[in-house]
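Visitor: pasting a predicted model and its sequence here:
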Amino acid sequence: DSGVTQTPKHLITATGQRVTLRCSPRSGDLSVYWYQQSLDQGLQFLIQYYNGEERAKGNILERFSAQQFPDLHSELNLSSLELGDSALYFCASSVGAGKGEPQHFGDGTRLSIL
Amino acid sequence: GDSVTQMEGPVTLSEEAFLTINCTYTATGYPSLFWYVQYPGEGLQLLLKATKADDKGSNKGFEATYRKETTSFHLEKGSVQVSDSAVYFCALSEGAGGTSYGKLTFGQGTILTVHP
């Protein structure tokens, strides 16, 4: 058990809809990362928050947004969903925000767009 | 930009065989290097890491050495077990413009299957 909790585990929805993925980091971790894993793109970094502030942005679409709340949990919002958004979305957390910090991953949310 | 290239899989071995999974990277600075493992239905788990040249990361019988001259971080294990069957990811993180970022850039992953 990594200590990182992601909900829900599975999400099935239709094109054009909006969903929210939730992540609770390990106790004591201030940094939260979101990654997308798909068969064609592999594991791609989306966005990082550190102590409530956006720290780094990766290949995140404009239809996607995220935030980290004062209690350090984070949410990833995906809107105007397309078939190609079907993927496994991982949240990870670490104590700090630097390059040597090991990240602890949740079990992911599997998003299926019908 | 940064990139990580892993040997193509899948890799199939018999129990107690020697394992090598090759990983090379491209980075502008001095990245930290990681190996993560993903078991079916689970998230990624950190296997080992190295933060500077010539560092050797090790864990659970797995080893990898940070080779700056060859920009490589190959994963090795002397004797694999059936329980090592999983997907293995090589990854790096580095900074830019004086800022150190934690975001990971991953290789494509290598599927390892170990038969009894």
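Guide: The structure has been received and is ready for your questions. Residues are numbered from 1 along each chain as shown, chains lettered A, B, ... in the order given.
Visitor: going forward, measure contacts between C-alpha atoms and count neighbours the same way
Guide: OK.
Visitor: strands along chain A, start to end?
Guide: Assigned by DSSP state E, the strands in chain A fall at A:5-7, A:10-13, A:19-24, A:31-38, A:42-50, A:53-57, A:64-68, A:74-78, A:87-94, A:104-105, A:109-113.
Visitor: what's the third one in contact with?
Guide: Put plainly, it is strand A:19-24. Strand A:19-24 is contacted by residues A:4-8, A:72-79, A:91, A:109 when judged by Cα atoms under 8 Å, 6 or more residues apart in numbering or on different chains.
Visitor: so B:Thr65 makes contact with B:Lys49?
Guide: No - B:Thr65 is beyond contact range of B:Lys49, at 9.1 Å (criterion: Cα atoms under 8 Å).
Visitor: need the overlap of contacts for those two.
Guide: Common neighbours of B:Thr65 and B:Lys49, counting by Cα under 8 Å, 6+ apart, are B:56-57.
Visitor: okay, the two: which has more neighbours?
Guide: B:Lys49 (27 against 20; other Cα atoms under 10 Å in any protein chain shown).
Visitor: distance check, the more buried one against chain A.
Guide: 8 Å (Cα to the nearest Cα, to the nearest Å).
Visitor: helix, strand, or coil at that residue?
Guide: Under DSSP: H, G, I helix; E, B strand; the rest coil, B:Lys49 falls in the strand class.
Visitor: how about the closest residue to B:Leu44 other than its chain neighbours, what does it touch?
Guide: Using Cα to Cα, 6 or more residues apart in numbering or on different chains and skipping the chain neighbours, the partner closest in space to B:Leu44 is B:Gln38 (4.6 Å). B:Gln38 makes contact with B:44-45, B:86-89 under the criterion Cα under 8 Å, 6+ apart.
Visitor: just the angle for the one helix or strand in chain A whose mean pLDDT sits lowest relative to strand A:31-38, thanks.
Guide: The helix or strand of chain A with the poorest confidence is strand A:53-57; it has a mean of 91 (mean pLDDT, DSSP states H and E). Per axes from the mean of the first three to the mean of the last three Cα atoms, to 10 degrees, the angle that strand A:53-57 makes with strand A:31-38 is 40 degrees.
Visitor: name the helices or strands packed onto strand A:53-57?
Guide: Judged by 3 or more Cα pairs under 8 Å, 6 or more residues apart in numbering or on different chains; DSSP states H and E, strand A:53-57 is in contact with strand A:42-50.
Visitor: what residues of the strand it packs on count as buried?
Guide: Residues A:43-50 are the ones in strand A:42-50 that count as buried (16 or more other Cα atoms under 10 Å in any protein chain shown).
Visitor: equivalent analysis for stretch A:2-19, please.
Guide: For stretch A:2-19, by 16+ other Cα under 10 Å, it's A:2, A:4-7, A:19.
Visitor: same thing with stretch B:18-36?
Guide: For stretch B:18-36, a neighbour-count test (16+ other Cα under 10 Å) marks B:19-25, B:31-36 as buried.
Visitor: next: stretch B:67-79.
Guide: Using 16+ other Cα under 10 Å as the test for burial, stretch B:67-79 gives B:67, B:72-77.
Visitor: try stretch B:35-49
Guide: Buried residues in stretch B:35-49 (16+ other Cα under 10 Å): B:35-38, B:43-49.
Visitor: wait, isn't A:Gly58 in contact with A:Tyr49?
Guide: No - counting by Cα under 8 Å, A:Gly58 does not reach A:Tyr49; the two are 11.8 Å apart.
Visitor: for residue 86, which non-adjacent residue is closest in space?
Guide: Using chain A. Nearest residue to A:Ser86 in three dimensions, chain neighbours excluded: A:Ser112, at 4.8 Å (Cα to Cα, 6+ apart).
Visitor: ah, I was thinking of chain B
Guide: Spatial nearest neighbour of B:Ala86, excluding adjacent residues (Cα to Cα, 6+ apart): B:Tyr39 at 4.9 Å.
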